[in-house]
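**Student:** Here is my input; please provide its structure:
(6 chains)
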Number of protein chains: 4
Amino acid sequence: MLSTDQPVTSRNAEKYDAILEEAIRVFAEVGFRNTDVQVIADKAGVGKGTVYRYFGNKEDLFWAACFSVMERLGNHVTRAVQGNHGALQTLRMAGMAYAEFFENNPHYLDVFVQDRAEFRGAAPDSHKQFQQEILQVFALVIERGIAEGEIRPVDAHKTITAMASMFYGTVNFACYVKDRYRLSELAEHGLNLFLAGIRQDRSDAVKDSDQ
Amino acid sequence: MLSTDQPVTSRNAEKYDAILEEAIRVFAEVGFRNTDVQVIADKAGVGKGTVYRYFGNKEDLFWAACFSVMERLGNHVTRAVQGNHGALQTLRMAGMAYAEFFENNPHYLDVFVQDRAEFRGAAPDSHKQFQQEILQVFALVIERGIAEGEIRPVDAHKTITAMASMFYGTVNFACYVKDRYRLSELAEHGLNLFLAGIRQDRSDAVKDSDQ
Amino acid sequence: MLSTDQPVTSRNAEKYDAILEEAIRVFAEVGFRNTDVQVIADKAGVGKGTVYRYFGNKEDLFWAACFSVMERLGNHVTRAVQGNHGALQTLRMAGMAYAEFFENNPHYLDVFVQDRAEFRGAAPDSHKQFQQEILQVFALVIERGIAEGEIRPVDAHKTITAMASMFYGTVNFACYVKDRYRLSELAEHGLNLFLAGIRQDRSDAVKDSDQ
Amino acid sequence: MLSTDQPVTSRNAEKYDAILEEAIRVFAEVGFRNTDVQVIADKAGVGKGTVYRYFGNKEDLFWAACFSVMERLGNHVTRAVQGNHGALQTLRMAGMAYAEFFENNPHYLDVFVQDRAEFRGAAPDSHKQFQQEILQVFALVIERGIAEGEIRPVDAHKTITAMASMFYGTVNFACYVKDRYRLSELAEHGLNLFLAGIRQDRSDAVKDSDQ
DNA sequence: AATGAATGAGCATTCATTCAT
DNA sequence: TATGAATGAATGCTCATTCAT
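**Tutor:** Sure thing, here's the model as predicted:
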């Protein structure tokens, strides 16, 4: 499951996890550049040298943190859409799960923000691949929806990308309007409008769109 | 037009502008934390002390850069929607102008990203106010569209916030899928779906939605 | 009266005095190294360039401040011993005047302290000369006292130097014991003991020595 | 013996001492404000980071240097008065030891001067306490001298403070008259006069007063 | 003569990384 | 294998001095 291949002969999984967990927390809290590796080591209860032995360098530690968060997000969303549902319903559940994930774990979001800011999408291939796999899963959901007549005939992949962008934007933008809207509130509203836009039959669109 | 009032007795507008311009460029290029003020000074052709005389400190310089980009974005979008158009058409023009702005000036986007990452939306009030004013303008457009029967009866402010979030997300997310889609392509697709979701009459929705 | 000879063609005495006055105050308050010439200029109500036109550079300004304080001290002590008094009485009056001068104007003392710390007695000759002249005056007082049988036959110049050292030390050391003794209290006690040590006739020494 | 407790997990005593030694030298040589910590690090043969690891910051390093000098002075004087001597003799030995200490190590004096100039007696409590302890030791010597009839009945603590002030002043003032007197010469003269002023029986005073 | 805008050398402090133990 | 002491490159900011106006 782990993508990085350190020249490490033996590993203590507990220490590894502890470091990773604290890394996520600290990177999120103070940002990549402001993070002092010593702090992570201290919080994880290991020596600084151990952090370097396990993760190579600060940047790779950050990537590992990112990847871990991405996995957790993937797992969370995947679990949320378990079961047989219509395509639209699946998309709705996925979207809300995505928003909840970040609403409940704001520091996870901050890791992504750091990633975007510091490395402009220059993530390791493993990350991109993981991301693409997730998108692909839901592109298939859209195609199924189209096939079943629930969704208008749209470019499935482009549409799921647009939807992902919207959610990505919502969770990020929410901090600017947090005095007025909760994240999940904003996410749901956007979701309603977006789904209304792709559904085949508009007659039932009104009911889940507020007002 | 400028909101910051430094304790500067007199200003040379050319130097001020040169510094600001290079600050935007450098902050965008290497990020806030990685930016060496000396580099900005050098590129602007002034002494480092002059940068500090004009902008106080690195953080304030960054805020000035952010604000300037925000103004430019505001001006660009405002100019794009000049003239009498239907509400939906106005929203479309605004959205596309927004996307174009960042597609043509990728470094402007990076300034915003830095802002989000380093300061988590803790911008000066002047920035937030400016942002709110822009949102308000387009909330009114939506209300007009509702009044004219072009747009479904939705919460105008929440809807424009959701739309802004979507665009914010699109321009930010684009870097992750740039191998597959151009920013404007993604923006247009999202825009079509979103507008389809809010338009009153779906019969004409198909025409501007792809396929 | 002024010792420094600047290449200044014309001078405005009021500005000159204002700068000097503020220089004494600021140097005393924050120390030579911590003094920002701009602050002196601002407080004196002149441009920074003017300070440099009048005093050449920061160090010379400092020397001028020192010299001015030295003059004031000299004047104060000289005035205090006006009139015909016995030698011991004259020394006593001078000593107490010296202590009072610094007790009433603590910032004057700080200028001397800065001088000692920053330049280790490397004052311009004009300063040393002034200092020697003062010492000489009181060396003569001691010689008079010896001649008149009031003072034991001691090396007059060495003795006045020792006495000056004692007072220099007292006003400087006082800050370390200020919780326990006032400066003038400490000065008087030292003075009593010292004078007792040089007076010819010890029978009258007891009266001015405490207890 | 050392009072400062840095947040340092382990110390290399040699490096610690080397840094402290060079700090004393450099602070004395160029003054606190003019001291570049890099220079101390270089002279001590350690990295700059090591200086900070051991002493926290420049100011604390300075205090450690001051305290160390104070300890050395205390040790030197204490050693000098070992053995059974009369009170006056003990005071004389202490005074001369004090003067010798600074005459032989002029840079030690400069550290104290810096302290006085930069921090106006705002030393850490540990320093003040150390100082008071020393004064107290000699206040007891004076009281013993009074009890044994060697010294006139004076306020012992005030008198030792005055004597300390005199010596403090002498070692500091000496630089201004170094062309004429050596420090120890001046100190001895002052000492003679001072002791003459406090001794009970003047008949034997003449012998140790010069001329 | 008077000014104050412009400059850049200078310095305290931090922290990623290494490597001896 | 694990550690943390040691390092030195990197950088924000200040301020004495100059000089064009």
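
**Student:** contacts, neighbours, all on C-alpha from now
**Tutor:** Will do.

**Student:** can you count the residues close to A:Ile198?
**Tutor:** 26 (other C-alpha atoms under 10 Å in any protein chain shown).

**Student:** any idea how far it is from C:Met163?
**Tutor:** Separation of A:Ile198 from C:Met163 (C-alpha to C-alpha, to the nearest Å): 99 Å.

**Student:** just for chain A, where's the confidence low?
**Tutor:** Within chain A, the segments meeting pLDDT under 70 span A:1-10, A:202-211.

**Student:** Which residue would be the closest one in it to chain D?
**Tutor:** Nearest residue of chain A to chain D: A:Gly47, at 12.7 Å (C-alpha to the nearest C-alpha).

**Student:** got the contact list for the nearest residue to that residue once chain neighbours are set aside?
**Tutor:** With C-alpha to C-alpha, 6 or more residues apart in numbering or on different chains as the criterion, A:Gly47 has its nearest non-adjacent residue at 5.7 Å, and that residue is A:Ala41. Neighbouring residues of A:Ala41 by C-alpha atoms under 8 Å, 6 or more residues apart in numbering or on different chains: A:19, A:47-48, A:50-51.

**Student:** between those, which has the most around it?
**Tutor:** A:Ile19 leads the contacts of A:Ala41 on contacts (other C-alpha under 10 Å) with 25 neighbours.

**Student:** distance of the closest residue in space to it that isn't next to it in sequence from chain C?
**Tutor:** Distances taken as C-alpha to C-alpha, 6+ apart place A:Ala44 nearest to A:Ile19, at 5.1 Å, with adjacent residues excluded. In this view, A:Ala44 and chain C are 43 Å apart by C-alpha to the nearest C-alpha, to the nearest Å.

**Student:** ok, A:Ala44 touching A:Lys15?
**Tutor:** Yes: assessed by C-alpha atoms under 8 Å, A:Ala44 is found in contact with A:Lys15 at 7.4 Å.

**Student:** Show me which of the two is the more surrounded one.
**Tutor:** When neighbours are counted by other C-alpha under 10 Å, A:Ala44 and A:Lys15 differ, and A:Ala44 comes out ahead with 21 against 17.

**Student:** Please report phi then psi for the more buried one.
**Tutor:** A:Ala44 has phi and psi values of phi -80, psi -10 when expressed as degrees, to the nearest 10.

**Student:** How about A:Ile151?
**Tutor:** According to degrees, to the nearest 10, A:Ile151 has phi -120, psi 140.

**Student:** And it, how far from A:Gly86?
**Tutor:** Taken as C-alpha to C-alpha, the span from A:Ile151 to A:Gly86 is 10 Å.

**Student:** DNA strand E contacts on chain A?
**Tutor:** Chain A comes close to DNA strand E at residues A:33-38, A:48-49, A:52, A:57-59, as judged by C-alpha under 7 Å from any atom of the strand.

**Student:** just those that are near chain B?
**Tutor:** Restricting the residues of chain A next to DNA strand E to those near chain B by C-alpha under 8 Å from any C-alpha of the partner chain leaves A:Arg33.

**Student:** name the element the closest residue to A:Gly86 other than its chain neighbours belongs to?
**Tutor:** Nearest residue to A:Gly86 in three dimensions, chain neighbours excluded: A:Gly145, at 7.2 Å (C-alpha to C-alpha, 6+ apart). Assigned by DSSP states H and E, A:Gly145 belongs to helix A:125-147.

**Student:** same thing with A:Phe112?
**Tutor:** Following DSSP H and E, one finds A:Phe112 within helix A:106-119.

**Student:** relative orientation of that helix and helix B:106-119 in degrees?
**Tutor:** Calculated by axes from the mean of the first three to the mean of the last three C-alpha atoms, to 10 degrees, helix A:106-119 forms an angle of 140 degrees with helix B:106-119.

**Student:** Alpha carbons of helix A:106-119, in CSV - could you do that?
**Tutor:** Provided in CSV are the C-alpha atoms of helix A:106-119 (Å, rounded to 0.1, in the frame of the first residue of the first chain):
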residue,chain,number,x,y,z
PRO,A,106,-10.3,20.3,9.1
HIS,A,107,-6.6,19.5,9.4
TYR,A,108,-6.8,17.0,6.7
LEU,A,109,-7.9,19.7,4.4
ASP,A,110,-5.0,21.8,5.4
VAL,A,111,-2.6,19.1,4.3
PHE,A,112,-4.1,19.3,0.8
VAL,A,113,-3.9,23.0,0.8
GLN,A,114,-0.2,22.9,1.7
ASP,A,115,0.3,20.4,-1.1
ARG,A,116,-1.4,22.7,-3.6
ALA,A,117,0.5,25.7,-2.4
GLU,A,118,3.9,24.4,-2.0
PHE,A,119,4.1,21.9,-4.8
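
**Student:** which SS state does A:Gly121 fall under?
**Tutor:** Secondary structure state of A:Gly121, per DSSP: H, G, I helix; E, B strand; the rest coil, is coil.

**Student:** So it is in contact with B:Cys175, correct?
**Tutor:** Yes: if you go by C-alpha under 8 Å, A:Gly121 and B:Cys175 touch, sitting 5.8 Å apart.

**Student:** what about the closest residue to A:Val141 other than its chain neighbours, distance to A:Ile160?
**Tutor:** Nearest residue to A:Val141 in three dimensions, chain neighbours excluded: A:Ala87, at 5.6 Å (C-alpha to C-alpha, 6+ apart). Note on A:Ala87: its distance to A:Ile160, by C-alpha to C-alpha, is 12 Å.

**Student:** intersection of neighbour lists for those two?
**Tutor:** Common contacts of A:Ala87 and A:Ile160 (C-alpha under 8 Å, 6+ apart): A:Ile142.

**Student:** among the contacts of A:Ala41, which are in strands?
**Tutor:** Judged by DSSP state E, the contacts of A:Ala41 include no members of strands.

**Student:** Following the chain onward from the strand or helix carrying A:Tyr54, which element is next?
**Tutor:** Using DSSP H and E, A:Tyr54 sits in helix A:48-55. On the C-terminal side of helix A:48-55, the closest following helix or strand by DSSP H and E is helix A:58-80.

**Student:** In CSV, list the C-alpha atoms belonging to the helix or strand just after that next one.
**Tutor:** Using DSSP H and E, the helix or strand that follows helix A:58-80 towards the C-terminus is helix A:87-104. Extracted C-alpha coordinates of helix A:87-104, given in CSV (Å, rounded to 0.1, in the frame of the first residue of the first chain):
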residue,chain,number,x,y,z
ALA,A,87,-26.3,6.9,-9.8
LEU,A,88,-27.5,10.3,-8.7
GLN,A,89,-28.0,9.1,-5.2
THR,A,90,-24.5,7.6,-5.2
LEU,A,91,-23.0,10.9,-6.4
ARG,A,92,-24.9,12.7,-3.7
MET,A,93,-23.7,10.4,-1.1
ALA,A,94,-20.2,10.7,-2.3
GLY,A,95,-20.3,14.4,-2.4
MET,A,96,-21.7,14.7,1.1
ALA,A,97,-19.2,12.2,2.4
TYR,A,98,-16.4,14.3,0.9
ALA,A,99,-17.7,17.4,2.5
GLU,A,100,-18.2,15.7,5.9
PHE,A,101,-14.7,14.3,5.8
PHE,A,102,-13.2,17.7,5.7
GLU,A,103,-15.8,19.3,8.0
ASN,A,104,-15.0,16.7,10.6
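
**Student:** Fine by me, thanks again.
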